[in-house]
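A.B. asks: Sequence and predicted structure are below.
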Amino acid sequence: MKKLLLITMMAMLSICSIAQTDTSFRFIKAIKGDITAFTVDNLDNIYLLSSTNQVKKLNANGDSVAVYNNVKRYGQATLIDVSNPLKVLLYYRDFATIVMLDRFLNEVNTIDLRKQNILQARAIGLSYDNKVWVYDEMDNKLKKVDEEGKLLQETPDFRQLFNAAPSPQKIFDQDRYVYLYDSAQAVFVFDYYGTLKNKILIREWQNFKVTGKYIFGSKDKKLFRYDIGGFRIDEWDLPEQLQSVQSFNFSGAKLYTLKKNVIEVYDFH
């Protein structure tokens, strides 16, 4: 993106139909422990973050397969990116530092974004080629860095391109596109050259996740699934027992919920 094509200013707004779906949630299992946050990869491995900042990986059967204990240097992880189960990213926003782990949660290397003068990065995400997307809030640019933190590409300043520059909380690289989610505005979809390809009018969703051909999220007492190719939103009314959970996560047709120190797994369709 250093020698970058100009970002296309005319974004196609996704027009979607909304379908109320008959709700069916089937309880599968519960996983108990010291759990403050969690995420799930595309193989249904579960990554748990404890109150002591330990990261534990469970396989799809709920068995512990790996633990990351080197937690004293940076404190609480702000974000865990498991979009590639072979390369896990832990992001420590207060230290502007990314720790890369392998599939066994062994530390591979660290990236100090401050060395690239990236001092405020709210969102990061693994790229398709195992580099890292970073949104630099001070420069208002989407940047791509390598494993050593070296700048590879960057977009122009978004303040020059939008009436209100995005302030993304999430970055996902999925099927040749990069998704930046600003819950106050929309989902901004870019190609790998930094050209804006689409703007999906999804706002105020919590538990936002792009996986496969879908975007998942929740709002109020509903779950949502947006079909990226079909411009269709399915929605589910949450049963009463799921309306007060701390957070949701999604993997295919499975729903993961976090209550106090317990994850419950459901099939839903």
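C.D. replies: Structure's in. What do you need?

A.B. asks: Quick one: the strands in the stretch 101-250 of the chain, in order.
C.D. replies: With DSSP state E, counting those that start in this stretch as the criterion, the stretch 101-250 of the chain has strands at 107-112, 121-126, 132-136, 141-145, 151-154, 170-174, 177-182, 186-190, 196-200, 206-211, 214-219, 222-227, 232-237, 247-251.

A.B. asks: Excluding sequence neighbours, find me the nearest residue to residue 262.
C.D. replies: Nearest in space to residue 262, with sequence neighbours left out and distances taken as CB to CB, 6 or more residues apart in numbering, is residue 32 at 4.9 Å. The C-beta positions use only the backbone N, C-alpha and C, and glycine is treated the same way.

A.B. asks: need the contact list for residue 249.
C.D. replies: Neighbouring residues of residue 249 by CB atoms under 8 Å, 6 or more residues apart in numbering: 38-40, 207, 209, 255-256, 258.

A.B. asks: Give me the number of neighbouring residues for the spatially closest residue to residue 27 that is not a sequence neighbour.
C.D. replies: Counting by CB to CB, 6+ apart, residue 27 lies nearest to residue 266, which is 5.6 Å off, once chain neighbours are set aside. Using other CB atoms under 10 Å, residue 266 has 17 neighbouring residues.

A.B. asks: Then residue 32?
C.D. replies: 11.

A.B. asks: isn't it right up against residue 261?
C.D. replies: Yes: taking CB atoms under 8 Å as the definition, residue 32 is a contact partner of residue 261 at 6.2 Å.

A.B. asks: what's the spacing between the residue nearest to residue 262 and residue 251?
C.D. replies: Using CB to CB, to the nearest Å, one gets 20 Å for the distance from residue 32 to residue 251.

A.B. asks: With residue 264 instead?
C.D. replies: From residue 264 across to residue 251, the span is 14 Å (CB to CB).

A.B. asks: Now find how far off-centre stretch 38-47 is within its chain.
C.D. replies: Remark: stretch 38-47 is offset 12 Å from the chain centroid, using CA atoms, centre = their mean, to the nearest Å.
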